[in-house]
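Chemist: how does the following fold in three dimensions:
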Amino acid sequence: MLYYQLDEGAAHPRQAYKYDAGIDLALKHDLTVPVGAHRVGDTGVRVAVPRGHVGMVFVRSSTGIKNHLVLSNGTGIVDSGYRGPVKLSLHNTGDTTQHIQAGDYIAQLVVVPIATNNIAEVRQLPHSERGTNGIGSSGK
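Modeler: Coordinates of the predicted model:
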């Protein structure tokens, strides 16, 4: 279960279809993003991501295709302990200024289970078949 609260003026998160992975999020205010610029928008939605899960925020595919807007950091992360509003740092990759109206659903939140991270420094990492072969090492 994903619990949420709304700031005044915020639109309710929605699931367009019953089995969709993403929960659509709208901006609670108008936002203008000039060509090549970054602007931060506020959804006014606060969530309680269950422990052992992470909320991953993406732009909706129509936002990227129609408005040429992407998240400045590619994917937003909402940790299970965060209780502030979900905000979106948007970057305009198109050739015209983009105007988003309050209430426009432009992003989606996907909640997925994660492995907890126990970290430890070691003198040597365990062997793997790939080793240190990096970008392009597979030849494909």
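Chemist: so where do the helices sit in the chain?
Modeler: Shown for the chain, the helices assigned by DSSP state H span residues 61-67.
Chemist: for the residue nearest the centre of the chain, give its distance to residue 90.
Modeler: Nearest to the mean C-alpha position of the chain, by Cα atoms, centre = their mean, lies residue 57 at 1.6 Å. Residue 57 sits 11 Å away from residue 90, going by Cβ to Cβ, to the nearest Å. Where you see a C-beta, it was placed from the backbone N, CA and C, and this is true even at glycine.
Chemist: repeat that for residue 63.
Modeler: Taken as Cβ to Cβ, the span from residue 63 to residue 90 is 8 Å.
Chemist: give the buried residues for the lowest-mean-pLDDT helix or strand in the chain.
Modeler: For the chain, counting by mean pLDDT, DSSP states H and E, helix 61-67 ranks last in confidence among helices and strands (a mean of 90). Burial within helix 61-67, assessed by neighbour count using 16 or more other Cβ atoms under 10 Å, is assigned to 63, 64, 67.
Chemist: residues in contact with that helix: which ones?
Modeler: By Cβ atoms under 8 Å, 6 or more residues apart in numbering, the residues outside helix 61-67 that reach it are 69, 70, 92, 94, 98, 100, 106, 107.
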